[in-house]
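K.L.:
Sharing a model that was predicted from the sequence below.
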Amino acid sequence: MRPFLLRMAMIFTFSGIAGVAHAAMLDHQQDGILREAVKIGQKIGVGLKLAGVVFQESSFGLQPNSPGHFGVGSVGYLAWMTVINRHPWLKPYFKQQNWASALINDPGISLWVAGYYLHYCRQHAADWQQALLMYRYGCPQDKGMYPTRVNRRIAQIHHLLKVSDPQ
């Protein structure tokens with residue numbers, strides 16, 4: 001537990017009033033997950049929202065599971081079923097193992113599932129705020145700070161990408 005807390009303290013070291021995480025604190029695996037989340041989010045049509053969700057849910061893979069939710073996007077069973085039924089090309093990735101294990105063991109597939117579910121939420125919600133509430137809580141009418149937290153993560157992502165890709 002202590003190494004996790006130390007690592008989290010490094011990741012969330014803030015500078016200035018804006019509170020932007022230092023890019024140098026992401027390890028190689030986290031940086032790869034960030035970049036893949038950005039790429040998949042752009043392909044699916046959810047932009048940086050997917051990366052913001054993945055940052056909020058798992059700190060880009062530091063905590064790939066929570067009770068009942070798995071992978072870098074913290075996907076639950078009903079969300080997984082929704083995506084698998086709408087995007088059958090993903091089914092072969094889950095043939096030889098439990099769905100949760102597949103999401104934990106393969107961050108790329110987890111990103112696709114999370115991205116497609118986020119896209120589904122956006123299609124069934126009035127706006128991004130409701131879509132994020134639906135992603136997190138299951139209902140767009142729920143209340144909570146989740147959309148605000150994801151938007152803060154997106155601001156941090158802009159900084160992370162700018163610092164790690166000097167021009």
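P.N.:
On my side now, so go ahead.

K.L.:
Can you give the contact residues for stretch 126-134?
P.N.:
Identification of contacts with stretch 126-134 by CB atoms under 8 Å, 6 or more residues apart in numbering yields 49, 53, 118, 121-122, 124-125, 139-144, 146-147, 150. The way it works is simple: take the backbone N, C-alpha and C, and place the C-beta from them, glycine included.

K.L.:
between those, which is closest to residue 36?
P.N.:
Using CB to CB, residue 53 is the member of those that lies nearest residue 36, at 13.3 Å.

K.L.:
Name the residues that touch the host helix or strand of the closest one?
P.N.:
Here residue 53, judged by DSSP states H and E, is contained in helix 49-58. Contacts with helix 49-58, where a contact means CB under 8 Å, 6+ apart, come from 33-34, 37-38, 40-41, 44, 60, 63-64, 66, 69, 71-74, 111, 114-115, 118, 122, 128, 131-132, 135, 146, 149-151, 153-154, 156-157.

K.L.:
Looking at the contacts of stretch 126-134, which are in strands?
P.N.:
If you go by DSSP state E, the contacts of stretch 126-134 have nothing in strands.

K.L.:
List only those of those residues flagged as buried.
P.N.:
Buried members of the contacts of stretch 126-134, counted by 16 or more other CB atoms under 10 Å: 49, 53, 118, 121-122, 125, 140, 146-147, 150.

K.L.:
thinking again about what came up before, quickly name whichever of the contacts of stretch 126-134 is closest to residue 95.
P.N.:
For the contacts of stretch 126-134, the nearest to residue 95 is residue 118 (24.2 Å; CB to CB).

K.L.:
how near is residue 88 to residue 116?
P.N.:
Look at residue 88 and residue 116: by CB to CB, to the nearest Å, they are 12 Å apart.

K.L.:
actually residue 59, sorry about that
P.N.:
For residue 59 relative to residue 116 (CB to CB), the value is 22 Å.
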